[in-house]
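Novice: I'd like to go over a predicted model; first the sequence, then the structure.
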Amino acid sequence: MRQCLLVCLVACGSSSSSPPARAPVEPAATTVAPVPAPTAPPPTAPIDTASRTPRYDARTFFDTVSMRGATFSHDGTRILMSSDATGVFNVYAQPVAGGAAVQLTKSTTDSHFAVSFFPKDDRFLYRVDGGGNELTHIFVSEKDGSTKDLTPAAKAKAQFYGWSKDRKAFYIATNERDPKYFDLYRYATDGYARTLVYTNDAGYQLGAVSPGDRYLALTKANNNADSNVFIVDIASKKKTEPKLVTKHEGMVQNSALDFTPDGKKFLYTTDGAGEFTQAWTYDVKTGKRAVLASSKWDVSYVAYSENGRYRVTVTNEDARSVLKIETKKGAAVAPKDLPAGDIVNIEFDRAEKQAAFYLASDRTPADLYVLDLTTGISKRLSNNLNPKVNPEHLVSTTVIRYKSFDGLEIPALLYKPLDAGSDARVPALVWVHGGPGDQSRVGYSNLLQYFVNHGYAVLAVNNRGSSGYGKTFFHLDDKKHGDVDLKDCVFARTYLATLDWVDGNRIGIIGGSYGGYMTVAALAFEPDAFDVGVDIFGVTNWVRTLENIPAWWASFRDALYAEMGDPATDKERLTARSPLFHAKNIKKPLLVIQGKNDPRVLKAESDEIVAAVKKNGVPVEYLVFEDEGHGFQKRANNIAAAEKTLAFLDRYLRGRR
């Protein structure tokens with residue numbers, strides 16, 4: 001359970017972290033801090049008309065459709081999913097036979113995300129928050145189209161935890177009783193009467209409910225390197241204490257996955273056997289533990305079909321998801337005639353005859369497919385890349401390694417513009433992911449492809465502290481943030497400057513969330529390293545951020561403090577690594593982009609760094625979206641953010657003298 005505590009879906013269109021028909025609306029954006037006119041303003045760089053590659057504008061890139069989630073209807077003829085086809089995420093039903101998806105919700109304000117069809121009829125569940133504030137509510141849409149909020153408590157957050165085996169009930173957790181912790185409720189499928197089945201006073205993170213509705217999985221984080229998994233009997237009429245599954249010595253990360261379809265075994269991941277995470281089973285009756293799946297990389301996910309006929313295992317192999325489907329007897333199921341790309345988010349129907357999944361590559365966004373499990377034949381159900389974009393004009397990433405200040409090899413993804421060469425050197429960007437423990441991964445990004453299409457090289461670094469490269473690498477930045485990980489980013493610039501097709505005098509840094517922090521930290525602590533910075537809702541004052549973490553993060557607060565520091569005891573060090581208190585050092589142009597409703601990185605963080613840098617007489621621009629949170633979900637806002645960023649880069653990086 002490697003927590004990526006600040007990570008989000010940022011404007012890059014990344015498929016990272018946990019949750020996140022309407023006509024496109026004008027972006028609710030304001031420029032809060034106008035750019036002070038420099039003494040000799042650099043000219044805005046013109047589009048390279050000599051380029052052999054057609055240039056696409058931001059709207060063309062972001063008119064590519066994003067889709068999320070996939071669950072089958074009771075009869076297996078439709079797939080419930082979320083799509084931003086009209087500019088804002090809504091819920092759709094995609095016919096398995098093919099054809100146009102049917103729009104089921106019609107929001108023009110807040111994003112609506114699919115949860116699940118009901119098991120015996122056409123009702124469905126979906127989730128909505130308020131403009132990105134992450135206070136998610138679970139709604140039901142009835143057969144007649146009417147809707148009901150099943151979790152109406154004000155200022156509370158709700159999460160769906162699946163269906164009972166007999167499908168007569170479903171489970172939802174909310175923090176309405178105590179904002180810090182989530183309790184589990186059982187809702188009747190008919191009538192929605194609910195019953196409290198587990199009161200979470202000890203601050204566990206809730207997991208799956210076993211088939212038969214007897215056990216609930218729990219995870220308890222001791223710190224960011226050590227956690228335990230428990231199961232608790234929620235069927236007993238007497239209160240029972242959770243039973244420890246992962247007894248161990250030393251520092252071991254364990255995290256709950258699921259139960260086997262027969263309910264006899266519990267599945268969890270652990271890094272107790274080596275550098276990389278493995279999947280293990282725990283026999284509920286005997287207590288015996290055994291390895292289920294292992295690899296030379298992290299095993300990130302294991303799941304079964306309804307009755308266990310198929311098992312899917314996903315490993316994270318050098319920033320790429322590798323998925324394997326096997327039968328109960330161990331025979332591999334290989335989908336036929338698929339284009340190159342990664343299969344992700346696979347879901348089986350209840351009859352175990354078909355599976356839905358998404359397939360994506362660097363040059364094509366995630367498209368929905370359905371697989372016939374008998375024949376192995378797959379059918380493509382969507383074509384999400386904007387037809388105005390020729391995939392031949394996009395680029396594939398190259399996984400590279402470069403050496404940092406201490407000789408440590410840092411993995412990264414390199415995007416090279418098609419027209420770049422020794423006779424046509426291009427400016428470059430170092431992209432820093434969120435987290436801090438997230439990972440830049442192979443796959444499609446509207447924003448990064450937009451930059452590359454307009455002649456910017458991008459190096460997406462997986463600095464020390466990133467997940468996916470073993471637990472030692474993951475913990476190398478603990479309480480060293482803005483120091484050793486920042487040096488990795490500085491040496492990314494050094495690496496870029498060695499490439500004969502990169503202009504070493506024009507290299508900027510950009511990132512979202514924790515990557516936004518790294519951007520401002522670079523400008524403040526290494527003021528000569530980069531030529532510009534783009535901060536997308538990044539932390540600038542760690543003391544305030546850690547003192548104001550959302551209430552519902554309480555179950556892993558200790559893990560966060562173990563990695564970043566406790567503001568009550570580490571205030572001096574946190575202040576020393578907070579760019580806000582060193583803003584006087586910033587002398588390179590800065591763009592800041594922020595969502596007003598962000599509960600993780602408060603808008604005050606961005607307000608204050610903009611004001612502080614402005615006092616230096618440094619060019620600083622500020623874009624605020626009134627209807628977004630920690631990550632931008634509305635297409636119009638993503639377009640506005642991309643256009644603003646490219647104009648900024650063209651003016652202060654490409655146009656730099």
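Specialist: It's in. Numbers count the residues shown, from 1 in each chain.
Novice: which helices and strands sit right next to the helix or strand hosting residue 399?
Specialist: Taking DSSP states H and E as the definition, residue 399 sits inside strand 398-403. With contacts taken as 3 or more C-beta pairs under 8 Å, 6 or more residues apart in numbering; DSSP states H and E, strand 398-403 sits against strand 409-415, helix 484-497. Quick note: C-beta positions are derived from backbone N, CA and C, even for glycine.
Novice: Strand partners (parallel or antiparallel) of that strand?
Specialist: strand 409-415 (antiparallel) (DSSP bridges).
Novice: and the gap between residue 127 and residue 208?
Specialist: Taking C-beta to C-beta, to the nearest Å as the criterion, residue 127 is separated from residue 208 by 18 Å.
Novice: try residue 320
Specialist: 26 Å.
Novice: Mind putting the helices and strands packed on strand 398-403 into a markdown table with mean pLDDT and distance to residue 394?
Specialist: Formatted as a markdown table, the helices and strands packed on strand 398-403 follow (pLDDT from 0 to 100; distance: least, C-beta to C-beta, whole Å):
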| stretch | mean pLDDT | distance to residue 394 |
| --- | --- | --- |
| strand 409-415 | 98 | 10 |
| helix 484-497 | 98 | 20 |
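Novice: Show me what counts as buried in the strand holding residue 399.
Specialist: Neighbour counts using 16 or more other C-beta atoms under 10 Å place residue 402 of strand 398-403 among the buried residues.
Novice: Residues contacting that strand, please?
Specialist: Under the contact criterion C-beta atoms under 8 Å, 6 or more residues apart in numbering, strand 398-403 has outside partners 318-319, 409-414, 416, 442, 491-492, 494-495.
Novice: and the angle from it to helix 484-497?
Specialist: With axes from the mean of the first three to the mean of the last three C-alpha atoms, to 10 degrees applied, the angle from strand 398-403 to helix 484-497 works out at 110 degrees.
Novice: My guess is residue 185 contacts residue 171. True?
Specialist: Yes. If you go by C-beta atoms under 8 Å, residue 185 and residue 171 touch, sitting 6.9 Å apart.
Novice: And the strands in the stretch 551-657 of the chain?
Specialist: 590-595, 620-625 (DSSP state E, counting those that start in this stretch).
Novice: Put the alpha carbons of the first one into PDB.
Specialist: What it means is strand 590-595. In PDB, the C-alpha atoms belonging to strand 590-595 read as follows (Å, rounded to 0.1, in the frame of the first residue of the first chain):
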ATOM      1  CA  LEU A 590       6.400  31.300 -13.400                       C
ATOM      2  CA  LEU A 591       2.900  30.200 -14.400                       C
ATOM      3  CA  VAL A 592       0.500  29.000 -11.700                       C
ATOM      4  CA  ILE A 593      -2.700  27.100 -12.400                       C
ATOM      5  CA  GLN A 594      -5.200  26.300  -9.600                       C
ATOM      6  CA  GLY A 595      -8.700  24.900  -8.900                       C
END
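Novice: quick one: contacts of it?
Specialist: Contacts for strand 590-595 (C-beta under 8 Å, 6+ apart): 11, 33, 132, 520, 523, 532-538, 601, 603, 605-606, 609-610, 613, 618-625, 628-632, 641, 644-645, 648.
Novice: Return the subset of those lying in helices.
Specialist: Residues of the contacts of strand 590-595 located in helices (DSSP state H): 520, 523, 603, 605-606, 609-610, 613, 641, 644-645, 648.
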